[in-house]
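**Q** Just the structure for this:
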Amino acid sequence: MPPSLAGLDERRLCQLLARAGHDRGRAVVVCDGVVKPHTPASSEIAGIDLIYSGPHLTADDLIVRMVDQDSAPRRLTIVTNDRQIQKAVRRRRAKVRSCEALIHDLAGHASHGRGPSSPTASTKPDPGHLTDQQVRQWLKEFGLDSDGPPDSMVDEKL
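**A** Model prediction:
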């Protein structure tokens, strides 16, 4: 995700995923390309992996390859709006969740202060917090209105 949009870089995305309670297993954030200067090469958060596709493979291709190579793809949930990825991972019976559903989930957790807190949390800015304006920017980026995704796009069991 581009840091210029809502200021959410790879490190902060991993923090926000952890804060949102994605504890049903591990989460993997897949980025295009190679690690850039001043960008983490891996996640510092337990249970959240940060990987880069490398110079000769797209993140989309890597995601599909990872699902194809998984021994139990039915346990996976892939977050994407890309129809080609959706089709490929559904063939392996992996679940698909929309990007807007994840953004709403993360924004809700960030704005309600859920997740681990520390005694200094009230004195320091929350690096994972998304403002209402940032949420609107993300929704616009994904071609959604600010009212949220249609109910049919959100699977409450995920």
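
**Q** Show me the helices in this protein, by range?
**A** With DSSP state H, the ranges of helices along the chain come out as 10-19, 59-69, 83-91, 99-111, 132-141.

**Q** export those helices to TSV and tack on distance to residue 42, mean pLDDT and mean neighbour count?
**A** (Glycine included, C-beta is placed from N, CA and C.) Formatted as TSV, the helices of the chain follow (distance: least, C-beta to C-beta, whole Å; pLDDT from 0 to 100; neighbours: other C-beta atoms under 10 Å):
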stretch	distance to residue 42	mean pLDDT	mean neighbour count
helix 10-19	9	83	20
helix 59-69	15	96	17
helix 83-91	23	96	15
helix 99-111	20	73	20
helix 132-141	24	74	16
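
**Q** of all the ones you listed, which lies closest to residue 76?
**A** helix 59-69 (6.2 Å; C-beta to C-beta).

**Q** The closest one - contacts with which helices or strands?
**A** strand 27-31, helix 83-91 (3 or more C-beta pairs under 8 Å, 6 or more residues apart in numbering; DSSP states H and E).

**Q** relative to helix 59-69, how tilted is the last one?
**A** Right, the one you point to is helix 83-91. 10 degrees (axes from the mean of the first three to the mean of the last three C-alpha atoms, to 10 degrees).

**Q** From the contact counts, what lies against helix 83-91?
**A** Counting contacts by 3+ C-beta pairs under 8 Å, 6+ apart, helix 83-91 is packed against helix 59-69, strand 77-79, strand 95-97.

**Q** okay if I get those as a markdown table plus distance to residue 139?
**A** Shown next, in a markdown table, are those (distance: least, C-beta to C-beta, whole Å):
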| stretch | distance to residue 139 |
| --- | --- |
| helix 59-69 | 21 |
| strand 77-79 | 15 |
| strand 95-97 | 16 |
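
**Q** mind checking which of these is nearest residue 17?
**A** Nearest to residue 17, of those and by C-beta to C-beta, is strand 77-79 at 10.0 Å.

**Q** and the closest one, average pLDDT?
**A** Strand 77-79 comes out with an average pLDDT of 94.
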